[in-house]
Structure formats: structure tokens, C-alpha cells
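S.K.: Attaching a predicted model along with its sequence, questions to come.
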Amino acid sequence: MNKSAESIALNLIRRNFNIKNDDNKPLIALAGNPNTGKSTIFNGLTGLRQHTGNWPGKTVNRAEGYYRYKGREFLLIDLPGTYSLLANSTEELIARDFICFARPDITLVVADATNLERNLNLALQVLELSTNTVLVMNLMDEAERKGIKIDVKKLESCLQIPVIPAVARDGKGLEEIKKTCYRIIREGIKFKGIQMSYSREIEEKIAGLIPVLQRNLTFLEDKINWRWLALRLLEGDKTILYSISTYFPVYREAVNIIQKGDVQLDGVN
Ligand SMILES: Nc1nc2c(ncn2[C@@H]2O[C@H](COP(=O)(O)OP(=O)(O)OP(=O)(O)O)[C@@H](O)[C@H]2O)c(=O)[nH]1
Ligand SMILES: [Mg+2]
């Protein structure tokens with residue numbers, strides 16, 4: 001597909017999430033555990049240029065807005081707070097499907113600096129699914145108060161993504177967020193960050209499954225992260241197939257074939 005056909009196709013998928021972005025503003029999603037300051041960052045960046053409603057077909061709040069930086073507009077979506085992307089709840093399903101199918105140009109994972117272990121769990125899951133993830137280490141004031149020191153540079157080199165310290169309630173870190181996103185978009189930077197590797201047995205199953213999926217779901221081309229999809233199926237997550245047929249309805253039959261088990265997926269429950 002050429003570039004403009006690709007962006008039209010992506011805009012059509014994004015419309016399922018009620019995103020109208022005909023002027024192709026870079027799309028930034030805010031993800032993170034509940035109560036980490038996502039909405040504070042969202043409000044700090046967009047000010048009054050926002051509107052709220054529900055996610056289509058769901059009773060979960062949704063906020064969308066935009067901000068301008070150096071003459072360029074950026075579209076921002078505040079995702080529901082989640083501890084994981086495993087689709088165990090409506091909120092997780094929305095966050096996962098949005099990152100997977102609407103493919104934001106940048107995903108900002110907002111983390112609570114006082115609870116790194118739990119927050120990095122989600123960050124690693126986002127890294128596994130999408131490109132261009134930026135970690136915002138928020139509540140740095142609380143961390144300092146508790147005597148927690150975070151080596152931001154080291155975290156950046158471990159995760160291989162930008163890490164931005166912030167105290168969103170005081171507006172600290174917002175300028176750096178805008179600067180980082182601007183630079184990523186202007187320079188067309190693409191990065192994956194550190195990727196999880198699994199036991200040899202699982203890696204072999206992933207390697208075997210990816211070509212089978214690619215043969216049967218050809219329409220997905222580069223619209224999905226195949227490794228991530230293989231992992232979800234290996235862990236027996238059927239919601240992802242349902243989501244694929246939701247966002248690519250004309251290909252429902254191809255998805256059904258896999259769902260019915262007509263294709264032998266070794267190791268898939
Ligand atoms: N001390 C401190 N408090 C903050 C900071 N950022 C946000 N808060 C406060 O943390 C609380 C939660 O912030 P929200 O922005 O609502 O968090 P959220 O991630 O949107 O929460 P959910 O939408 O429920 O997932 C609010 O009371 C904020 O004022 C910060 O950097 N430091
Ligand atoms: Mg919020």
C-alpha cells in the first residue's frame with residue numbers, strides 16, 4: 001500500500017474509536033495504571049482544547065483533545081487506567097485494542113515513581129505491543145518525599161526508550177514531554193525499546209506460529225505486531241481474534257477459520 005492509502009486505511013480503523021483525524025495530526029495515547037496522573041497530564045497539555053464522552057459502545061469515560069507545539073498540532077487520547085493489557089476488564093480491552101489497532105504514533109506510559117515494579121509491568125506490556133513508547137515517571141515529588149531515588153538515565157538505557165521525570169500536578173515535565181514528542185514526529189524516529197524474551201520452548205512456539213498466522217491473516221500485513229499476536233494466542237486469549245474481526249469486519253471469515261481450529265495452531269488452546 002502506498003503512504004496515502006495506508007493513512008486512509010489507518011484513519012478508517014481509528015474511526016471505530018471515534019477519532020476523526022482527517023488532517024493527520026500525530027496521535028498520542030496516554031496509558032498507565034489508575035491514579036498515576038494521566039488526566040492531570042492530559043489537562044495540562046490540552047487545557048480547554050478537549051472534549052469528553054464515552055468510548056463507543058462502552059460506559060467508560062473518554063477524553064480527547066489537542067495541543068500545539070512549535071506550530072504543530074498533536075492529538076491526545078486519555079486511555080482508561082489499567083494494570084495490564086491482558087483484556088481482563090472493559091478498561092483493559094479498550095486500552096489494548098486502541099494501542100493494537102489505532103496504532104498511536106506515540107504512547108506515553110505514565111508511571112507512579114513510588115511504585116515502579118507494578119507500573120513497569122504495564123510499561124513492558126506496552127513495549128511488547130507497540131513502537132514509540134515513552135515513559136513518563138510521574139509523582140517524582142512523592143518519590144522524593146519517601147526517599148526513593150530513581151536513576152532516570154539508567155532506566156532509559158535499560159528500557160531503550162525516553163524516560164521523562166515529572167510532577168504533573170505542578171506542571172513539571174510537560175515541556176519535556178512536548179519537546180520529546182515533537183522531536184520523534186519531526187525526525188520520523190521509530191524505536192521499539194527492550195523486548196521480553198521467553199523460554200526456548202515458548203520462543204520456538206512463537207517462531208512456528210507467526211508464519212501460520214501470516215498465511216491465514218494476510219490482510220493484516222504490517223497492521224499488527226505478529227509476535228505479540230502469537231503470544232496472545234499461545235496464552236489462550238480468544239478476545240484478540242474477536243477484536244480483529246471487529247476492526248477488520250470484511251475479513252471475518254478468515255478469522256473464523258482460525259477460531260474454529262481448522263488451522264492447526266500447535267500449542268494454541
Ligand atoms: N503529588 C502529586 N500528585 C499528583 C501528581 N500528578 C497527579 N497528581 C494527583 O494524583 C491524583 C490522580 O491524578 P489523575 O490525573 O486523576 O490520575 P489518572 O491517572 O488520570 O487516574 P485514573 O483516570 O483514575 O486512572 C490527583 O489528585 C492529582 O492531583 C504529581 O506529580 N504529584
Ligand atoms: Mg484519569
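M.R.: Right, received. Where do you want to start? Ligands and ions are numbered 1, 2, ... in the order given.
S.K.: Which residue, other than its chain neighbours, is closest to the residue in the stretch 1-150 of the chain positioned nearest to ligand 2?
M.R.: Ligand 2 sits closest to Ser39 of the stretch 1-150 of the chain, with a gap of 3.2 Å, by Cβ to the ion. Placement of C-beta: from N, CA and C, glycine included. Nearest residue to Ser39, sequence neighbours excluded (Cβ to Cβ, 6 or more residues apart in numbering): Asp78, at 5.8 Å.
S.K.: which helices and strands sit right next to the helix or strand hosting Tyr182?
M.R.: Here Tyr182, judged by DSSP states H and E, is contained in helix 174-186. Applying 3 or more Cβ pairs under 8 Å, 6 or more residues apart in numbering; DSSP states H and E, we find helix 174-186 packed against helix 38-46, strand 61-69, strand 72-78, strand 106-112, strand 133-138, strand 163-165.
S.K.: do that again at 7 Å, thanks
M.R.: helix 38-46, strand 106-112, strand 163-165 (3 or more Cβ pairs under 7 Å, 6 or more residues apart in numbering; DSSP states H and E).
S.K.: so which of the ones you listed is the most packed in?
M.R.: Among these, the stretch with the highest mean neighbour count (mean count of other Cβ atoms under 10 Å) is strand 106-112, at a mean of 27.
S.K.: Within its sheet, name the partner strands of it and how each one runs.
M.R.: strand 27-32 (parallel), strand 133-138 (parallel) (DSSP bridges).
S.K.: Return the set of buried residues in the helix or strand following that strand.
M.R.: Scanning forward in sequence from strand 106-112 by DSSP H and E, the next helix or strand is helix 116-129. Residues 116, 119-120, 122-129 are the ones in helix 116-129 that count as buried (16 or more other Cβ atoms under 10 Å).
S.K.: tell me the domain boundaries of the chain?
M.R.: 3-186, 200-259 (automatic domain parsing).
S.K.: Can you redo those domains as a markdown table, where the extra columns are mean pLDDT?
M.R.: Below are these laid out as a markdown table (pLDDT from 0 to 100):
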| stretch | mean pLDDT |
| --- | --- |
| domain 3-186 | 95 |
| domain 200-259 | 89 |
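S.K.: of all those domains, which lies closest to Ile194?
M.R.: domain 3-186 (5.1 Å; Cβ to Cβ).
S.K.: now that closest one, how far from the centre of its chain.
M.R.: 8 Å (Cα atoms, centre = their mean, to the nearest Å).
S.K.: For it, measure first residue to last.
M.R.: The first and final residues of domain 3-186 sit 17 Å from each other (Cα to Cα, to the nearest Å).
S.K.: how many neighbours does the residue in the stretch 151-269 of the chain that ligand 2 sits nearest to have?
M.R.: With Cβ to the ion as the measure, Ala168 is the residue of the stretch 151-269 of the chain nearest to ligand 2, at 11.1 Å. Using other Cβ atoms under 10 Å, the number of residues around Ala168 comes to 25.
S.K.: gap between it and ligand 1?
M.R.: Distance of Ala168 to ligand 1, computed by Cβ to the nearest ligand atom, to the nearest Å: 4 Å.
S.K.: And the residue nearest the centre of this structure?
M.R.: By Cα atoms, centre = their mean, the chain has its centre lying nearest to Ile99, at 3.5 Å.
S.K.: Contact distance from ligand 1 - what residues of the stretch 151-269 of the chain qualify?
M.R.: Applying Cβ under 6 Å from any ligand atom, one finds that the stretch 151-269 of the chain approaches ligand 1 through 167-169.
S.K.: Narrow these to those in strands?
M.R.: Among these, no residue falls in strands (DSSP state E).
S.K.: now those residues in TSV, with distance to Arg183?
M.R.: Converted to TSV, those look like this (distance: Cβ to Cβ, whole Å):
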residue	distance to Arg183
Val167	22
Ala168	20
Arg169	25
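S.K.: ok, whichever residue of the stretch 51-200 of the chain sits closest to ligand 1 - contacts?
M.R.: At 2.4 Å from ligand 1, Gly81 is the closest residue in the stretch 51-200 of the chain, using Cβ to the nearest ligand atom. Applying Cβ atoms under 7 Å, 6 or more residues apart in numbering to Gly81 gives the contacts 32-35, 38, 91.
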